[in-house]
Every structure is written in C-alpha cells, then in structure tokens.
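Asks: next comes the sequence, and after it the predicted model I'd like to discuss.
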Amino acid sequence: MLLNTEDFRGRARRNLPRFVFDYIEGAADDGHCLRRNQSDLAAVELTPRVLRDTTTVDTSIEVFGRKWALPFGIAPTGLNGLVRPRGDSLLATAASRGGIPFALSTASNMRLEDVRAAAPESVQWMQLYVMHRDMAGQIVERAARAKYEALVLTVDVPVSGNREADLRNGFRIPFKPTAKLAWDVITHPRWSMRMVPGGATDFANLTATGGSGGSANMQAALLARAMDRSLVWETLAWLRGLWKGPLLLKGILHPDDARLAVDHGVDGLIVSNHGGRQNDSSPSAISALPRIVAAINGRIPVFMDGGIRRGGDIAKALALGAKAAFVGRPALYGLAVGGAEGAEAVIRLLAAELVRSMTLLGATSASALPGTLERANRSLA
Ligand SMILES: Cc1cc2nc3c(=O)[nH]c(=O)nc-3n(C[C@H](O)[C@H](O)[C@H](O)COP(=O)(O)O)c2cc1C
Ligand SMILES: O=C(O)C(=O)c1ccccc1
C-alpha cells in the first residue's frame, strides 16, 4: 500500500536502475546535511489550538498575483527524463492537476516550450543555471516568450557537490558505459523498454533546456555542473535587464545574503541547501528559515525546500514563516512509480496530510499556522 511518500520511495527504488535512484537520492559527502533537513523538521513542535471552527480549511495562497490551491510546489530537478521519458511534462501535468506550481530545471531533458505546452494555464517557473552568459540570456528570453512566470536563479552550485554514489556508479562526465551500468539497465527491463521509443534520445539530447541554444560543450558543462563562477551580486543587474518578471534566488542560507538579495532588487528567496546535495556542513533549511524570515521582515516572500516528506512538514515550514514549501525527491518518487498519475498521487497525499494537520492544529488557513508556534518551542532553542 502506498500510504505515504516513504512508501513511494520504496517502490521507486525497486522500479529504477540503481544509478538513477542513487542520482535522485544523491547527497554530498557523508549525507549529514541531507539527514539534518529531515531530523530538524522532525524536531519542530506545533501546538494545537482547540475549539475553533474547522469545518472548512483553506489551503490556498496567493503568490506574485497568482492563486496556488496548496502552499507547496514542485522544486526544479535536473534530468527528470531519466526517471521517465518526458518526465518534465508529466510533472508539469501533475502539478497543474493539483493546482500547484512546477519549476523547470535548466538541466531539463525537454525543450522549455514543450513543457509549457503541457500545462499552459498553470503556474510555471523557470530555474536558471549560468554556465555561460550568452546561453543563459537565450534561456531567459525563451522562458519569457513561453510565459514562464518567475525566474529562479540557483546560487548554491558554483561547483558540483561531491556525490560519491554517482562516482561509484560511473554516472559522471565524461560518461563511459561500463559492464556494471549495462547490467543495471538490463535488470530493469520495464524502465529500459520505456526509454526505447524516445526517452533515450531525449536524454542524449539534453540541451540546456531546449535544443537550439545548447552546443555539445554547453551540455557537457551542464552535466558536469561546470558553472560560471564569476557570478556576483552585481551580475544580478544584468539578469534584471533581461527578465522583467519576478526574480528569485534559490539556495540562500545566510541572513546577510538575504538582506543583500533585497538590496539588489530580488523579488523572492528560496531558503535551501539543495536537498543536502551541495555543501555537507550547511544548516538544515528549516533551521535557517526563521533567521532569514526575520532579516527579510516581510519585504519579499520567503520560500523553503529540503526534507519535506509529509503534509505536516509543510505546516511546519509555514509556521516558521515560509510563504510556501517546495518538494524535490517526493515528486520524483511519484513520477517513477506512476508517471503523471503517480506524481499527482504524491501531491494529493501531501495535500490530505496538510489538511489533516491544519485541522488538528486549529488553523483554518495558511496564515493561521504561525500562531501554532509557541515562543518557548523547545525544538527551536
Ligand atoms: C535529482 C535532483 C536533481 C536536482 N536538480 C536541480 C536543478 O537542476 N536545479 C536546482 O536548482 N535544484 C536542483 N535540485 C534541488 C531541488 O530543487 C531541491 O532544492 C531539493 O531537492 C529539495 O530537497 P528534497 O529533495 O528533500 O525535497 C535537485 C534535486 C534532486 C533530488
Ligand atoms: O543534481 C543536482 O542537484 C543538480 O542541480 C543538477 C545540475 C545539473 C545537472 C543535473 C542536476
């Protein structure tokens, strides 16, 4: 029975070749940061308020003038086409059915225009990696034309984190097929067969989110996470010139960086340690959140991701001041288990858990959740 996201994780593990599952699970170094994301969420206490009318619980929020049915979205993840062919459009479809936003990674296996076409009416954001500024400029221009509504610049990958499982599996650049990889693929025939009609070529065509602009060099740079390391705060003016919509920074953990972001005209922040995949000594996202919320003091919306596995975790993020949370791996578990339907099932599961949590807490709207946080919350001391 698939009762929770952990059940989906177990099923995904069986369905996927080992190198794909390990890539999804991938954490930096010893996985301390990855585990911290979840253990610090587990330690947060919310104190119920009782005898409040909870006949109706409203989970919706408004972000940049758009309504979200639920206070969470799907985080940008690269190489979704490895999980399922056309994985990006399947996730976009699932998000659209759930009334939540989908963020497309620069490292998508599909053209950004095609992903937008899968869910033209729903909220879709574009995540940006800058390997080369010309290339980034082209992606931004295309994203604007395809009506992506916000641009998310990820700032915590100046270089790839050290993912030793990927190295051991031979899943790296330069890519060399090995007997071990071949065995991995052969022993997962359902996955392999799905890849045959086009998925494999999708993957071979990883084109920096869409074809035209992506030279072979750029693709290799993206896969190796070889980013332009000369990006600095002043560079944001260049992006602001290219992109007129909301601009967010993803991967902020230090309150001083949060203040700098506001000073440089950024419209939103995603507090994140990249799901524990980058710097292993980083604080958990949930523990970094309150200090950043305090530094921002309501000037721009603050989002978070990292370790969300239950609807109750979303309630905790909102209680600590996040406007909404994002989920990375759980959406991929759903995708691996059942395509768009599987991802939608994960969204519905998290939604049902969230509504139950809010009802138990006596919070009938997202904005009521901070009130369930007691001053003397032991877990936040
Ligand atoms: C397989 C995988 C690929 C990812 N690729 C990207 C990416 O291309 N761009 C990005 O900004 N973040 C990427 N992330 C980070 C996610 O956006 C998000 O920060 C993280 O997954 C949240 O943690 P969670 O998986 O515990 O929910 C990736 C994460 C995973 C698991
Ligand atoms: O693995 C990741 O976390 C990630 O951000 C990424 C970057 C480039 C290509 C694929 C994934």
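Replies: Ah, there it is. Ligands and ions are numbered 1, 2, ... in the order given.
Asks: so after the strand or helix carrying R14, what's the next helix or strand?
Replies: For R14, the element it lies in under DSSP states H and E is helix 5-15. The element immediately downstream of helix 5-15 (helix or strand, assigned by DSSP H and E) is helix 18-25.
Asks: return the set of buried residues in the next helix or strand after that next one.
Replies: Downstream of helix 18-25, the next assigned helix or strand under DSSP H and E is helix 32-43. Neighbour-count burial for helix 32-43 flags C33, L34, R36, N37, Q38, D40, L41, A42 (criterion: 16 or more other C-beta atoms under 10 Å). For every residue, glycine as well, the C-beta is placed using N, CA and C.
Asks: for N80, see how far away the residue in the chain that ligand 1 sits nearest to is.
Replies: Residue nearest to ligand 1 within the chain (C-beta to the nearest ligand atom): G328, separated by 2.1 Å. Noted for G328: a distance of 11 Å to N80, by C-beta to C-beta, to the nearest Å.
Asks: neighbour count winner among those two?
Replies: N80 (29 against 20; other C-beta atoms under 10 Å).
Asks: surely the more buried one and S89 touch.
Replies: No - counting by C-beta atoms under 8 Å, S89 is not a contact partner of N80; they are 9.2 Å apart.
Asks: so what's G342 up against?
Replies: G342 is in contact with F8, A94, Y333, G334, L335, A336, counting by C-beta atoms under 8 Å, 6 or more residues apart in numbering.
Asks: separate out the buried members of those residues.
Replies: Neighbour counting over the contacts of G342 (16+ other C-beta under 10 Å) leaves F8, A94, Y333, G334, L335, A336 as the buried ones.
Asks: confidence score at the closest residue to ligand 2 within the stretch 1-150 of the chain?
Replies: Here the residue of the stretch 1-150 of the chain nearest ligand 2 is G78; by C-beta to the nearest ligand atom that distance is 2.9 Å. The pLDDT attached to G78 in the predicted structure is 97.
Asks: next, count neighbours for the residue of the stretch 251-381 of the chain found nearest ligand 2.
Replies: Residue nearest to ligand 2 within the stretch 251-381 of the chain: R277 (4.5 Å; C-beta to the nearest ligand atom). The number of residues packed around R277, counting by other C-beta under 10 Å, is 23.
Asks: could you find the closest non-adjacent residue to it?
Replies: Excluding the flanking residues, the one nearest R277 by C-beta to C-beta, 6 or more residues apart in numbering is G161, at 4.9 Å.
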